[in-house]
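Novice: coordinates only, sequence not included:
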DNA sequence: GAGTAGAGCGCC
DNA sequence: AAAGGGCGCTCTACTC
């Protein structure tokens, strides 16, 4: 595909506090503003200082009316400012592109011992200039975004125009580095830019009451556990139980418990939750230590984290910072803070007032992607007043993509409506009848539910090449299964025998997806998703990095396609949302969250359930899939109170 | 005092 | 023989 008609766009911003320049929602309270706006086309630039809303609207309309793409660098940021100043309608009409993301699509990721792993590359425009056009990078040296005098403002405008110009040039350059299917994947991904921009402005409503209650509860719990420990073991007085070395001494030297686990890097005796889990069978105090650490960590990260963010933002909302295409498999990640450069003024006796700058983290958001699954944690996150929260979750997403990738007939057949892959696997392991197990699980039979849980563990854990040791620990601690390594070893043999298309026949390294996928990637030098997104794999397949490279080869099509599927769902959702007055709210990899006005939420959810369960994979990616990818729909008044759509009733 | 490494752990 | 992947956040210990 040739490079389509595209204009470059860039905004500069400032705020009452310098960090507000990076916080588009400050435009609402006039404590942040757009200081310059520039467009670029055909090697020419057009820029204005202190643009009026009308002049910004004119810029967007220029792109809309000529059906041109509008490209920025980290475009969601600029789009968010435009939404924040009142141009939401235009922003959603524009066809956006992002040069930074095109770079990510095009870039070769070196891997392997021959190519030393580089420090994580910065994907800033400045880095791109320095890497590709160092002689032209001078305009980037101007950094006084809070400028007010005329000379500085001229320099600011110059920088702004050059940003727009080079952003456009890079877009064309990176576009040309992509194969046709990579370009299509990038275009579908770019459709989510306005939706992500809108959430940057809106944020998530968070309940300070729920956060405070959680904080109080966890604080009391930690205090009570500590008291219980202190009563039986006065020697913990003065020991920092959050310190691994100090805890190590306590457990293994003072209490003389046996060492069973070691840190991977340093070989020091481990004090992690798996070690404490096993030690608890010998000494109940290990269990108390585990609970104490959890309570303290959870309080800080979730309860206090929310309260801090609410206080910083000051408008009842938290703003976790979404990053599109943040992982090499394309997944979105969220950060809880913004980096800000603030000015500090120190007064000393010798020198009087001394001004300097320092980098700090400001708590604009929360650790959304790590949010604990419990109700009392998830209740903190709510839809805005008058709205309901909905979730659409791809059912068994990775299992299904593995079924397609491997072509395993049993796996594929278990993806048909009415089948239950976890019950199937559970029945194989427990050597009982599959259909009868499904029926007994439905009837609430406890041993049957246990067998299904075991099947679920196997289905989810054995798709990738997990060791017996790791799987045993995981089964015991995370699934609370009373199993040993022997049982896990046998269950892996049963798994392989059940799905020979995945790992090949038991005790063999050939004949399945794992082996054939590794061979394919060795041959091609890259791995590919079903949408055509790629990662380079050109290191030394025989050396020290063989295992991680093979793992990437196996993992990438599964996890990466899950990412592409999410972008496709967001693209389809974007077209449907306005019909119901709905908005994208946030995402959790295989789950998408939207808000709808209360009176439209149920109808909208039915439509979304249907549409997201039948995404246009063939039209978008050019592939015909042998199975469906249904979503489960949930709806409720908070993240912690979601229920199945068909069970929900407001009345 | 600032920055970093390591350990640990939350989610998918 | 050994062997999931992907992240971001918090705390301590340590270095410059």
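Specialist: Alright, I've got the coordinates. No experiment lies behind these values; they were computed from the predicted model shown.

Novice: which bits of the stretch 301-450 of chain A sit near DNA strand B?
Specialist: Taking C-beta under 7 Å from any atom of the strand as the contact definition, the stretch 301-450 of chain A meets DNA strand B at A:358, A:359, A:369, A:370, A:371, A:372, A:373. All C-beta spots, glycine's among them, are computed from the backbone N, C-alpha and C.

Novice: at 10 Å what do you get?
Specialist: Residues of the stretch 301-450 of chain A lying close to DNA strand B by C-beta under 10 Å from any atom of the strand are A:301-302, A:327, A:329, A:331, A:333-334, A:344, A:346, A:356, A:358-361, A:367-374, A:377-378, A:393-394, A:397-398.

Novice: quick one, helices of the stretch 151-300 of chain A?
Specialist: Along the stretch 151-300 of chain A, counting by DSSP state H, counting those that start in this stretch, helices occupy A:180-190, A:193-202, A:208-232, A:244-248, A:273-279, A:284-298.

Novice: picking up where we left off before, emit the ChimeraX select command for whichever of the residues of the stretch 301-450 of chain A next to DNA strand B are buried.
Specialist: Entered in ChimeraX, the line below selects the buried ones among those, by 16 or more other C-beta atoms under 10 Å:
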select /A:301,302,329,331,334,367,368,369,371,377,378,393,394,397,398
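
Novice: so which of the helices of the stretch 151-300 of chain A is the most packed in?
Specialist: helix A:193-202 (a mean of 23; mean count of other C-beta atoms under 10 Å).

Novice: Now do the end-to-end distance for stretch A:578-595.
Specialist: 11 Å (C-alpha to C-alpha, to the nearest Å).

Novice: How about stretch A:240-248?
Specialist: Span of stretch A:240-248 from end to end, C-alpha to C-alpha: 11 Å.

Novice: What are the contacting residues of it?
Specialist: Outside of stretch A:240-248, the residues within contact range by C-beta atoms under 8 Å, 6 or more residues apart in numbering are A:239, A:250, A:268, A:269, A:271, A:289, A:292, A:293, A:296.

Novice: Return the item of those having minimum pLDDT.
Specialist: Least confident of these in the model: residue A:268, at 88.

Novice: Which helix or strand lies directly C-terminal to the helix or strand hosting residue A:62?
Specialist: If you go by DSSP states H and E, residue A:62 is part of helix A:53-65. Next along the chain after helix A:53-65, taking DSSP H and E as the criterion, comes strand A:69-72.

Novice: Could you list every helix and strand that the helix or strand bottoming out on mean pLDDT in chain A packs against?
Specialist: The helix or strand of chain A with the poorest confidence is strand A:338-348; it has a mean of 73 (mean pLDDT, DSSP states H and E). Contacts defined by 3 or more C-beta pairs under 8 Å, 6 or more residues apart in numbering; DSSP states H and E place strand A:338-348 against strand A:352-362.

Novice: And DNA strand C, is the strand it packs on touching that?
Specialist: Yes. Applying C-beta under 10 Å from any atom of the strand, one finds strand A:352-362 touching DNA strand C at residue A:361.

Novice: how big is the angle separating that strand from strand A:338-348?
Specialist: Angle of strand A:352-362 versus strand A:338-348, following axes from the mean of the first three to the mean of the last three C-alpha atoms, to 10 degrees, is 160 degrees.

Novice: just checking, what packs against strand A:352-362?
Specialist: Packed on strand A:352-362, when contacts are counted by 3+ C-beta pairs under 8 Å, 6+ apart, are strand A:338-348.

Novice: and the longest helix anywhere in chain A with helix A:193-202, angle?
Specialist: Ordering each helix of chain A by length in residues (DSSP state H) puts helix A:546-576 first. Counting by the same axes, to 10 degrees, helix A:546-576 lies at 80 degrees to helix A:193-202.

Novice: Give me the buried positions along helix A:546-576.
Specialist: Here helix A:546-576 shows A:549-550, A:552-574 as buried, counting by 16+ other C-beta under 10 Å.

Novice: quick check: angle from that helix to helix A:180-190?
Specialist: Using the same axes, to 10 degrees: helix A:546-576 against helix A:180-190 is 50 degrees.

Novice: who are the neighbours in contact with the residue nearest the centre of chain A?
Specialist: With distances taken as C-alpha atoms, centre = their mean, residue A:333 lies nearest the centre of chain A, 2.8 Å away. Neighbouring residues of residue A:333 by C-beta under 8 Å, 6+ apart: A:322, A:323, A:326, A:327, A:369.

Novice: DNA strand C: which of those residues is nearest?
Specialist: residue A:327 (3.4 Å; C-beta to the nearest atom of the strand).

Novice: pretty sure that closest one belongs to a helix, no?
Specialist: No. The assignment for residue A:327, made by DSSP: H, G, I helix; E, B strand; the rest coil, is coil rather than a helix.

Novice: circling back: can you list the helices of the stretch 151-300 of chain A in CSV and add distance to residue A:53?
Specialist: Below are the helices of the stretch 151-300 of chain A laid out as CSV (distance: least, C-beta to C-beta, whole Å):
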stretch, distance to residue A:53
helix A:180-190, 25
helix A:193-202, 15
helix A:208-232, 33
helix A:244-248, 54
helix A:273-279, 53
helix A:284-298, 44
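
Novice: Rebuild these as JSON lines, extending it with distance to DNA strand C.
Specialist: JSON lines is the format used below for the helices of the stretch 151-300 of chain A (distance: least, C-beta to the nearest atom of the strand, whole Å):
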{"stretch": "helix A:180-190", "distance to DNA strand C": "16"}
{"stretch": "helix A:193-202", "distance to DNA strand C": "15"}
{"stretch": "helix A:208-232", "distance to DNA strand C": "11"}
{"stretch": "helix A:244-248", "distance to DNA strand C": "5"}
{"stretch": "helix A:273-279", "distance to DNA strand C": "12"}
{"stretch": "helix A:284-298", "distance to DNA strand C": "6"}
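
Novice: Which one, of those helices, ends up nearest to residue A:131?
Specialist: Closest approach to residue A:131 among the helices of the stretch 151-300 of chain A is made by helix A:180-190 (19.8 Å; C-beta to C-beta).

Novice: From the chain's centroid, how far away is the closest one?
Specialist: Centroid separation between helix A:180-190 and its chain, computed with C-alpha atoms, centre = their mean, to the nearest Å, is 19 Å.
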